[in-house]
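*Asks:* Here's a sequence, model it:
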Amino acid sequence: QVQLVESGGGLVQAGGSLRLSCAASGRTFSRDAMGWFRQAPGKEREFVAAINWSGGNTYYADSVKGRFTISRDNAENTVYLQMNSLKPEDTAVYYCAAGGRYGPGVTDTWEYDYWGQGTQVTVSS
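*Replies:* Here you go, the predicted model:
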């Protein structure tokens, strides 16, 4: 079956960096958009970043633009999220999403068919 497994989360001080990885198995996503979302306690899941099938197009939430970078390695069926200059408000569970289409709905959760289990990112002040 299809699985998305995130890794790389943890505890970091404000201003620090983390790199999240999401390894997919069970099918290839080399022709699909992939994305990252996050959910803080008591809040709805929100869009963070998305990348098209080739990696040539990316899109970011305003709150992370200039600090986070999404990338992918289709040979490894893996998507990454490099997070720099982290802030306490970045604290959340981060989810990888795959199987979407890179279009107007790329920021919506319903666009994606597959989800990972999430990885916790905690930024201390």
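*Asks:* what sits against Thr107?
*Replies:* Each residue near Thr107 by CB atoms under 8 Å, 6 or more residues apart in numbering is listed here: 47, 50, 59, 61. For the C-beta atoms, the positions are set from N, CA and C on the backbone; glycine is no exception.
*Asks:* roughly how far out does the helix or strand containing the second one sit from the chain middle?
*Replies:* For Ala50, the enclosing helix or strand under DSSP states H and E is strand 46-51. Computed by CA atoms, centre = their mean, to the nearest Å, the separation of strand 46-51 from the middle of its chain amounts to 6 Å.
*Asks:* Sheet-wise, list the partners of whichever helix or strand comes after it with their directions.
*Replies:* Downstream of strand 46-51, the first helix or strand assigned by DSSP H and E is strand 58-60. Strand 58-60 pairs in its sheet with strand 46-51 (antiparallel), by DSSP bridges.
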